[in-house]
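> Let me see the structure of the following:
(chains A and B)
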Amino acid sequence: MTVVDAIDWTSAGVPLLVAVGAIVVLVVDAFWPAGGWRRSGTLAIASLAAAAAWLANGGSSGAIVAGFSWVILLSALAVVLLAQVLEDDAQMPAGESGFLLLSATAGALTLAAADDFVTLVVALELLSLPSIALVAMRRDRAAAVSSAWTFFIASATATAITLMGLSLLYGVTGTLTYEGVLVGLQDDRVPERTTAVVVVLVLVGLVFKVGAVPFHLWIPDAYRGASVPVAAFLSVVSKGGALAALLVVLAYPFLPLQPRWDIFIAVVAALSMTIGNLGALAQRDVVGMLAWSSIAQGGFVLAPLVAVSLGSDDILSAPLRYLAVYAIANLTVFAVAAVGLRTLGGTSYAHYAGVARRQPLFGVALVMGLLALAGFPPAVIGLVAKYVVLQPVMLGGYAWLAVVMAFNVALGLVYYLRLVVVAFAPADRVDEGAVVTGAAVRGGRGTTIAYSVVAIGVVLLLATSVYPTLVFGPLP
Amino acid sequence: MNRRYSASAVGITAVMAVCAAVVAFPRLGDDTGPYGLPAGRTTTLVDGGDLLGVSVTFYVDHLSAVMLLLAATVGLLVQVYSVAYLAGDARYRSYTTIIQLFLVAMATVVVADNLWLLVVGWEVMGLCSYLLISHHWELAPARAGAVKAFLLTRIGDLGLLVAVFAIGQTFGTYEISEVLTAMASPDAPEGLTAIGLLLVVAVIGKSAQFPLHTWLADAMPGPTPISALIHAATMVAAGVFLVARLYPVLAESAVTMTVLAVVACVTMLLAALLALTSGDLKRVLAWSTVSQLAYMFAALSVGGYDAGIDHLLSHGAFKALLFLVAGSVAHAIGSTALRDMGGLRVAMPLTFLTGTIGFAALAGVVPTVGFFSKDAVLESAWHAIGHDAPVAPLVAVVVLVVGLVTAAVTVVYSFRAWSMTFVGHGAPARASVAVHEAPPLMVGPLVVLAAATLLLSLAMPFDLLMGLVTTAIVVAAGWLAWRTMSAGRDPASLLGPAQPAFTRELDWDLGYAGAGVVARRAGDLVTATDRDVIGFYPRAAAATSVWLSRVLARAQSGNAQTYVTVLAAGALLTTLLVVVR
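This is a model prediction of the structure:
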């Protein structure tokens, strides 16, 4: 037996630097609480930048993992900037928020870099518990606490199911490292049906974090209860970490079992798209719409996994490429929602009526962000991303899934375009049934910083729409 | 009028013209000729790869260079001219912007390597044409003409779209340079008649050839500089450009070339006769444009590739000149009807001089460029009779005869229009208005184009025999027209009893209207089927979706027990699904 306990500092460095940053933020805030949001944000950005520098110097175990780590790090950076908008909110403590954001990010990074199932479960918990705490942070709001509670219960159940699968897996193979499992599962003496059960049970925890149907019910509640930047975090960073782990697990230790799990992935993906899109249709609130839309997008990002066993590089990188585009588009729209909550007084569609006429940048951001999510020109990059995930599904022989995807692209267009129409229509012509409540506040410096996230997102979406290689080139 | 705005509009157009010149000049020296390996330079900006074959690629050769220079020069001159012509116009700003957009689209068409890119430019040109024809949208003829131009060119655009698909299917690529390479190789694809005919449909629409010829004359209510730019020199010539660009693909099939030759012959003579009978200076010029475009197609159909391109260039220069002259006249007297004109040579000497050069070029008088390029077209038909050509000798004979007859008619209508505009005593109604020469910004472009009409002759080929024949025709037809006019009769009366029919433009629009009624009936039927039968399914699906959406939202109770139950049941069911599979 070789030295398996030795720590692989190369891959551990990235999450470790973020985790150290989390502790520094907490300690600094505990002793010098006067610094507020600006200082906790600066420290968080510094630690994320250090992790990025480590990553740039080859700090990962492979190209795909490195790609996911980049998406997670940059999205976390955007969320930290976005969180500055919370500075006026007396109920949101700056230090704890920064600490929890960084801890969960470290969890997502570990999830992507994990090399055995024990690390995987620990990372899953490291991602989940701070996320739940982030949702519950708004102590004054009963909705926040109750949605954190359902989130916690559901998350614990999902983890329990995964642990049950892992204990079975250990019983079957006698090891929990990815490599050992890969070898162990090829043993003919293992009953096929047992391995089938193992695979599904293990995957439940990860699919839960991706937010796919039927493990999605926590998402709309959690997004609505949490503050907007936290919802943005859940939709991109948390989802990205779980997706990375899912891709690695399916493409590496579980690869021999593909004929067993591909139907699971296909059914979950198809259900997520359809139910997510149907749920979004009736929403008349930006955050509520984004919650359901993120369930649907989870389906799109899972779909190419059905063809993983074909083993070509294009197929392996398809989920990563889609995730990158989704992260840019989704964070842009969330940034609009975060700034809108402050300057327009709410996130319901009624607040957004005609906003594009008063604030052209919002208009462009909504058009580009929402149409990129829908996969519709002029946001060409969204269209390309849809093609990227559709191609492996066709190659993998899942024609019915491709049909479901095409149907859902059409369905998604309905509600994405509705918000675009609302934003561009004259205010008196929009009848969204809701009375505008809540006064618009003049935003402070934090709002300006969050506004810059909108601008950066717009620039990125426009640039990548003209030249898609800009985002797909650096990714594997 | 905002003086600074006009300066910036002209400045931007000038910058675009300089860019076009920088791209075009290095390629002017390339070998001309349609066959062989593509000699131009290809540039790839965005490689779409297998993404539906859409890439942003450019292919610049001699042909593109000629078209680019023509479009840029005429575009710049028109922009300068419009500063004075549209002074005080409320929509001057949008007008100049659309001209710039048009020039970009035209440049895209002539330098595109990817056929889809060409289609995009082609459609944007159509859009700009529509917008500019309806510049004076408060006038009913302008609106009607714009709609007609748009709809009739759409028929051709449909042909282009299908042709592009067919080319992609046949050649496995959408790059023009690769298509030309494939045609130059020994194992070139055969049986390209269908593609060729679809392309012919495309150019019939865009270049207003028979039987879609009527839109160009009805596009004349647009501002006159636009008629010079879009409806004489550039956009309508894009059809000729497309045939020249994909020449080997069309020339592969004798059927295609024969159809093109027949269309060209019919259009050539018909449009010249319509020009003879028209009572409006701009309509005369529009019909003569249709007729001259047919000359280019005729040259291409009998294998006279260079002659077709040369005539395109020469026609671009002298017809832009003539339209700007017409604009200058209209600016002075406020009308384009020939009966309102006459005797303008005294009041507008520069317009008279440049207009005379323009009409001489149209009639084909030595030593204008029109003489040389029209001779080249006729010479190529003569050449095709005895040599290997894309069409049968008999077809070449028809082209030659119709070309010579049309040349005679052209001389008569040119003389008629010139004489009714500049010579004589003038309409009595105008006596009170003081007519004066156009402002310098309008005369400048006239002088430049007149100089080009004379100087381009130096670049044209010359054939002595054909030159003598056409000069004889010019003298004879000119004498006939002069005799008729000096006897106090309109040369249109030479048509005898057929004249009233031509004055009504053969009631061709009634045919369109009849087709429109049939099409509308069919359309109503399809709409009713769509609404009541097929539409039921999407509507039902939409209603179901919305209902399901409400149900899902209601299921979001916030009850943790429910959520966990769903989660556990989901895990159980999916496990079962995998196990029993």
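
> use CA for all of it now, contacts and neighbours both
Fine.

> so where's the chain shaky on pLDDT?
No chain was given, so I picked chain A. Residue ranges of chain A with pLDDT under 70: A:1-6, A:427-443.

> actually it's chain B I care about, not the one you picked
Segments of chain B classed as low confidence (criterion: pLDDT under 70) are B:1-2, B:31-33, B:36, B:45-53, B:425-434, B:498-499, B:504-513, B:515-516, B:519.

> Show me where it has its strands.
Using DSSP state E, the strands of chain B run over B:41-46, B:56-60.

> among those, which is the most enclosed?
strand B:56-60 (a mean of 22; mean count of other CA atoms under 10 Å in any protein chain shown).

> distance between that one and the chain's centre?
Centroid displacement of strand B:56-60 relative to its chain, using CA atoms, centre = their mean, to the nearest Å, is 21 Å.

> could the strands of chain B go into a markdown table alongside distance to B:V447?
What follows is the strands of chain B, written out as a markdown table (distance: least, CA to CA, whole Å):
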| stretch | distance to B:V447 |
| --- | --- |
| strand B:41-46 | 34 |
| strand B:56-60 | 30 |
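
> Tell me which of these lies nearest to chain A.
The closest of those to chain A is strand B:41-46. By CA to the nearest CA, the value is 7.4 Å.

> Just to check, A:V190 is in contact with A:G174?
No. A:V190 is beyond contact range of A:G174, at 11.7 Å (criterion: CA atoms under 8 Å).

> coming back round to it: make JSON lines from the strands of chain B and add distance to chain A to it.
Shown next, in JSON lines, are those (distance: least, CA to the nearest CA, whole Å):
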{"stretch": "strand B:41-46", "distance to chain A": "7"}
{"stretch": "strand B:56-60", "distance to chain A": "11"}
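
> Centre-most residue in the chain?
No chain specified, so I'll use chain A. A:V236 (2.3 Å; CA atoms, centre = their mean).

> Correction: the question concerned chain B.
Mean-position check on chain B, CA atoms, centre = their mean. Result B:V236 at 1.1 Å.

> Around chain B, which positions in the stretch 251-400 of chain A sit nearby?
When proximity is defined as CA under 8 Å from any CA of the partner chain, the stretch 251-400 of chain A approaches chain B at A:260-261, A:263-264, A:278-282.

> domain assignment for chain B?
B:1-252, B:543-580 (automatic domain parsing).

> ok so, going back, my guess is the residue nearest to the centre of chain B meets B:K206, correct?
Yes. With contact defined as CA under 8 Å, B:V236 and B:K206 form a contacting pair (5.7 Å).

> Find the nearest non-adjacent residue to the residue of the stretch 1-150 of chain A found nearest chain B, please.
For the stretch 1-150 of chain A, the residue closest to chain B is A:T150, as judged by CA to the nearest CA, at 4.8 Å. Leaving aside its sequence neighbours, A:T150 sits nearest to B:A560 (CA to CA, 6 or more residues apart in numbering or on different chains; 4.8 Å).

> circling back: give the contact list for the residue nearest to the centre of chain A.
A:V236 makes contact with A:72, A:75, A:327, A:330-331 under the criterion CA atoms under 8 Å, 6 or more residues apart in numbering or on different chains.

> how close does it sit to chain B?
The gap separating A:V236 from chain B is 22 Å, by CA to the nearest CA, to the nearest Å.

> For my notes, confirm that residue occurs in a helix.
Yes. Assignment of A:V236 by DSSP: H, G, I helix; E, B strand; the rest coil places it within a helix.

> count of neighbours near the residue nearest to A:T150?
19 (other CA atoms under 10 Å in any protein chain shown).

> my guess is it contacts A:A156, does it?
No. B:A560 lies out of contact with A:A156 (CA under 8 Å); the separation is 11.6 Å.

> Let me know whether A:L176 touches A:T119 as I believe.
No. A:L176 lies out of contact with A:T119 (CA under 8 Å); the separation is 9.5 Å.

> Which one of the two is surrounded by more residues?
A:L176 (21 against 16).

> so what's the more buried one up against?
Taking CA under 8 Å, 6+ apart, one finds A:116-118, A:166, A:169-170 in contact with A:L176.

> Just the buried residues of those.
Buried members of the contacts of A:L176, scored by 16 or more other CA atoms under 10 Å in any protein chain shown, are A:116-117, A:166, A:169-170.

> which residue sits farthest out from the middle of chain A?
Outermost in chain A, CA atoms, centre = their mean: A:R189 at 38.8 Å.

> Checking that one next. Helix, strand or coil?
A:R189 - assigned by three-state DSSP - is coil.
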